[in-house]
Structures are given as structure tokens and as C-alpha cells.
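Trainee: Sequence and predicted structure are below.
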Amino acid sequence: MKIIFLGAPGAGKGTQAKILEKKYNALQVSTGDILRKSIEEKTPLGLKAKEFMDQGKLVTDDLIIGLIKDKFTSKDFPENWIMDGFPRTVAQAEAFDDLLASINLELDCVIEVDVNRDVLVKRLTGRRVCKKCQAPYHVNFNPPKKEGVCDYCGDNNIYQRSDDTEEVVVNRLKVYDDQTAPLIEYYSSKKLLHKIDGDLPLEEVSKKIELLFQ
Ligand code: AMP
């Protein structure tokens, strides 16, 4: 499995990637998660990324492309992977194409999770995340089975991301329209794109994605 999840913030990319990760023994590569961890650990990458992320802006292409190159060329990088939140600009997509070609890999497909704008805002502002394993939840639509405890790792630190506030969310959605949405045409013209209705309930979205792999 070598796939990309495409879609606006809050579309459910991370949730669906986590489900596939478990089912297919693939690695979810979330650039957002990697950056948040770098910020917490105060690494040089984290220090550079923080200012952009706090404002809902994209981190620069060179930083992100460097990060992805390091991952893909590391010895223990697995055969099956799911990109979640990368690429996010046409420059990143082009650099990713070059990288994959240079290591003789080919993308299986790109899954676009399409969600209505009002739904996105509700999902993002109500989203909560497990600090330890990054499993995503929602205060109303998808709370953990036991309040405050992560269903996946059992940790009890479920929090709201600082960029999931209403003010930053509006900016992130604009950035998506301006810089990331052009990737829909980019992958569609390469005949790699599959569009999924992400307004459907979580389980139904999963079923539709599952059908792509049968
Ligand atoms: P996410 O967790 O995917 O919503 O990403 C959170 C934030 O991390 C974004 O708003 C960006 O500031 C930054 N980020 C994550 N992935 C990328 C990327 N591929 N390119 C640029 N910035 C990114």
C-alpha cells in the first residue's frame, strides 16, 4: 500500500489513515504529527515550524520536502505507507514524484476525502487528539469509549490542538483552497485520484475506501 490522503483539514484523513494503518500493517506518515512532535522536543525543525503552524500557515516546502526525503531514505522505512497531510502544495507533489522515481517506487492511488465546509468547521473546533498516539476524537461525533482515555493506547491525555480554534481554522481552510486544492487536478490528470464522500458517517467512509483495495 502506497497511498496519499488528500482533503481539507478536518476531512477525516487522519482517522481513515489510522484505520488503514492497523488493517494493512502500513505506516501512517502525518507531517503534522511529525512537526508537532518536533515542536514539543524543541528540535531545530520544530522551532522553525512553530510560527507557521500557530498561524495556520503552511511550513515552507524546503523544510517539508527535506523531512520526507529523510524518512523515505532511512533504512527502516517500510514498504507500505499512507501519506496524511503531505503533499500540500504542487511543489511538494512534484518533489515527491521525483523522490519516488529516484527510489523506484510508484504511488498506488490518491484518495480525496471531500467534506462540506460547514461540517469541516464543526469537526475541527470539536476535535480532540490523544497526545501520546495522536488518535483523533470529536467531543460529539466520536468521543473515546471511556471519557478522557484513548481507545488505542490507553493514555489519558486527550487535548485540543492549538490550531483547532475557530480563528486559526478559518485561515487553514483558506490556505487549503489556495495551496492544496490544486493537487486535486494534479493527481486527477495523472489518473490517480479517487474521490470519497467524507460527509458520510465514519464507518461508511471506511467501507468506501476499503472497496478501493479489493
Ligand atoms: P495537520 O496536522 O496535517 O493539520 O497539519 C498541521 C499544520 O502543520 C499545518 O497547518 C501546517 O502548518 C503544518 N504542515 C503539516 N503538513 C504540512 C505540509 N505538507 N506542508 C506544509 N505545512 C505542513
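Mentor: On my side now, so go ahead. Numbers count the residues shown, from 1 in each chain.
Trainee: Where does whatever residue of the chain ends up closest to the ligand sit: helix, strand or coil?
Mentor: The nearest approach of the chain to the ligand comes at G32, 2.0 Å away (Cβ to the nearest ligand atom). From N, CA and C alone the C-beta is placed, and that goes for glycine too. Three-state call for G32 (DSSP: H, G, I helix; E, B strand; the rest coil): helix.
Trainee: is it true that it touches G85?
Mentor: Yes - G32 is within contact range of G85, at 4.7 Å (criterion: Cβ atoms under 8 Å).
Trainee: Need the overlap of contacts for these two.
Mentor: Common contacts of G32 and G85 (Cβ atoms under 8 Å, 6 or more residues apart in numbering): G14.
Trainee: Let me see the backbone angles for E94.
Mentor: Dihedral pair for E94: phi -70, psi -40, per degrees, to the nearest 10.
Trainee: is the ligand contacted by stretch 2-10?
Mentor: Yes - judged by Cβ under 6 Å from any ligand atom, stretch 2-10 and the ligand are in contact via P9.
Trainee: Tell me the first helix or strand C-terminal of the worst-scoring helix or strand of the chain on mean pLDDT.
Mentor: In the chain, no helix or strand scores lower on mean pLDDT, DSSP states H and E than strand 136-138, which sits at a mean of 91. Using DSSP states H and E, the helix or strand that follows strand 136-138 in sequence is strand 158-159.
Trainee: which secondary structure elements does that following strand contact?
Mentor: With contacts defined as 3 or more Cβ pairs under 8 Å, 6 or more residues apart in numbering; DSSP states H and E, strand 158-159 has these neighbours: strand 127-130.
Trainee: what's the burial count for the residue of the chain closest to the ligand?
Mentor: 21 (other Cβ atoms under 10 Å).
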